[in-house]
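In: Kindly generate the corresponding structure for this input.
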Amino acid sequence: MPDRATAAANCFDPAAVARARKLLHRNRNALPRMAELYKLLANPVRLKILLILIDSERLCVGDFAHVVELSIAATSHQLKLLKDAGWLSTEHDGKLVYYRLASEGLKTALLGDLQLLSQ
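Out: Predicted structure coming up:
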């Protein structure tokens, strides 16, 4: 951390720094969860699964495996990570397990990300 004399010589706005520190302090409990969220989103397969579910009511692991071109085991692992994070819910139909987005908020966020990237 620079000393105040160095910071003042370069650029130092005490009010802006105080606001930034206050913002980080207010959100200190959410920051680790946000880091985990972005870590989950950093995997292209998990992103594909989430994007598929924007447009699909529900899909089973076999459907996902065909689309993302992975084995059932590898696809199941990715689905489990998303489910454990609370992003997917499941519905059982006999031996089949169907996955869907757990919240409309997640769908809205994903659509917003797509819109942002298309600009």
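
In: so where do the helices sit in this structure?
Out: Here the chain has its helices, by DSSP state H, at 4-10, 14-26, 30-41, 44-55, 61-68, 72-84, 104-117.

In: Relative to residue 96, which of those is closest?
Out: helix 61-68 (8.3 Å; CB to CB). In this view, the C-beta of every residue, glycine as well, is placed from N, C-alpha and C.

In: That closest one vs helix 72-84, what angle?
Out: 100 degrees (axes from the mean of the first three to the mean of the last three CA atoms, to 10 degrees).

In: So which bits of helix 61-68 are buried?
Out: 61, 63-65, 68 (16 or more other CB atoms under 10 Å).

In: rewinding a little: so which of the helices of the chain is nearest residue 98?
Out: That would be, of the helices of the chain and by CB to CB, helix 61-68, which comes in at 8.8 Å.

In: Rounded mean pLDDT for the closest one, please.
Out: Confidence for helix 61-68, expressed as mean pLDDT, is 96.

In: Relative to the whole chain's centre, how far out is that helix?
Out: Centroid separation for helix 61-68 versus its chain: 20 Å, with CA atoms, centre = their mean, to the nearest Å.

In: other SSEs contacting that helix?
Out: Applying 3 or more CB pairs under 8 Å, 6 or more residues apart in numbering; DSSP states H and E, one finds that helix 61-68 contacts helix 44-55, helix 72-84, strand 96-101.

In: circling back: any idea which of the buried residues of helix 61-68 is closest to residue 16?
Out: residue 68 (44.2 Å).

In: Quick check: the residue nearest to residue 111 when sequence neighbours are not counted vs residue 10, distance?
Out: Excluding the flanking residues, the one nearest residue 111 by CB to CB, 6 or more residues apart in numbering is residue 54, at 6.5 Å. Going from residue 54 to residue 10 by CB to CB, to the nearest Å gives 45 Å.

In: quick one: which of these two has more around it?
Out: residue 54 (13 against 8; other CB atoms under 10 Å).

In: which residues touch that one?
Out: Residues near residue 54 by CB atoms under 8 Å, 6 or more residues apart in numbering: 101, 107, 110-111.

In: swap in residue 75?
Out: Residue 75 neighbours (CB under 8 Å, 6+ apart): 45, 61, 64-65, 68.
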